[in-house]
Every structure is written in C-alpha cells, then in structure tokens.
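*Asks:* Everything below, folded, please.
(2 chains)
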Protein chains: 2
Amino acid sequence: MTLFMDVHTIEGGVAEADVAGAHQADLATQSAHGVNYIRYWVDEQAGKIFCLVEAPDADAANTVHREAHGLVADEIYPVHEHS
Amino acid sequence: MTLFMDVHTIEGGVAEADVAGAHQADLATQSAHGVNYIRYWVDEQAGKIFCLVEAPDADAANTVHREAHGLVADEIYPVHEHS
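*Replies:* Down below sits the predicted model:
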C-alpha cells in the first residue's frame, strides 16, 4: 500500500457537512478497492479539501471517490509522513 | 490557535533529508512565535510538501518557516480536521 495526499479545489467554497457526507460514502465504498481514507482537512471558504489515503495506487483512491460521490481529486501525490 | 495546512511546491523535486533538516529548524524556531508544526508529508519527485501546523495566524506560521530556513509555503489554508 502507498500513502497518498489528494487535493480537491472546489470553486466557490464547500460546506463541511457536504464533505462529511461524501467521506461517509467513501468509507462505505472503499473496502472493495482495498483503499483506506484515513483523515481529511477542509477549508470551507477556499473550497480546499485534503484527503490522506492509503491505497494500492492512485487510480484505486480516485475510483472510490468517483463511485462514492463523483468528486474525484484535482491532484494526488504519493507521500511519506513525518513529524 | 488555528489549524492550518500549508503547501510547498518546489520546481524539480525535493529531497526528504533536506525537508527533515528544514523541519528541525522549524521546531527550534517555532516556540518564540507560538507555533506548532505537527506533521508533514513529502512527495520528493513532485517537490510537494504539506505541513500541518497550529498557529495564532497564517503569518506566524510563515514567519517560522522564513526565519528557520527561508522556505515559506506557496499556499496556506485554515482547516478543520476530520476522520
């Protein structure tokens, strides 16, 4: 599995409640694709969403978004996490 | 305090060891500004770095980067975290 950070940019902003609903749909869809959406961060005003996700590859992560709610990320990066 | 996600985009990529060094410099600089760099994610090839940081405001977070190593983020967003 690889860790990815994806980035959604939604013109005009986004509501946290809508993102929460989309995330629940991801959680209900992901196991069939071996994907695990771990955590996400939202800036409502800027319409920015960052999703931290483990997946076999970027396509699998995008497929879950597409099947769950259609909001595929604009960018996705394989990352290493450090603190 | 506010939680921020910042985004660095470095043309030509970046080495994890360099980012680790910069992060250590942040940790040594941040307390004077009431900032806490929590975690970061790196895509070496794309030259992308995402930093999760608590700060009084975005300027304080940027000031720590500027003073510590000069690599100020290209983007910074106040975010709410969910899982």
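*Asks:* which residues touch the spatially most central residue of chain A?
*Replies:* Closest residue to the average C-alpha location of chain A: residue A:51 at 4.0 Å, with Cα atoms, centre = their mean. Applying Cβ atoms under 8 Å, 6 or more residues apart in numbering or on different chains to residue A:51 gives the contacts A:5, A:6, A:8, A:37, A:39, A:40, A:73. The way it works is simple: take the backbone N, C-alpha and C, and place the C-beta from them, glycine included.
*Asks:* Name the helix or strand for it, please.
*Replies:* Assigned by DSSP states H and E, residue A:51 falls within strand A:48-55.
*Asks:* Report the strands that pair with that strand, each with its relative direction.
*Replies:* Within its sheet, strand A:48-55 is paired with strand A:2-9 (antiparallel), strand A:36-43 (antiparallel), according to DSSP bridges.
*Asks:* Just send those strands back as a markdown table, with mean pLDDT too.
*Replies:* As requested, the strands paired with strand A:48-55 are exported to a markdown table (pLDDT from 0 to 100):
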| stretch | mean pLDDT |
| --- | --- |
| strand A:2-9 | 98 |
| strand A:36-43 | 98 |
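*Asks:* now those strands in a markdown table, with mean neighbour count?
*Replies:* Formatted as a markdown table, the strands paired with strand A:48-55 follow (neighbours: other Cβ atoms under 10 Å in any protein chain shown):
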| stretch | mean neighbour count |
| --- | --- |
| strand A:2-9 | 19 |
| strand A:36-43 | 20 |
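*Asks:* Show me what the longest helix along chain A is packed against.
*Replies:* Counting by DSSP state H, the longest helix found in chain A is helix A:16-29. Packed against helix A:16-29 by the contact rule (3 or more Cβ pairs under 8 Å, 6 or more residues apart in numbering or on different chains; DSSP states H and E) you find strand A:36-43, helix A:58-68, strand B:80-82.
*Asks:* Let's have the ones you listed in a markdown table, adding distance to residue A:17.
*Replies:* Below are the helices and strands packed on helix A:16-29 laid out as a markdown table (distance: least, Cβ to Cβ, whole Å):
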| stretch | distance to residue A:17 |
| --- | --- |
| strand A:36-43 | 10 |
| helix A:58-68 | 16 |
| strand B:80-82 | 11 |
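*Asks:* Verify the stated contact: residue A:28 with residue A:67.
*Replies:* No - assessed by Cβ atoms under 8 Å, residue A:28 is found out of contact with residue A:67, at 9.9 Å.
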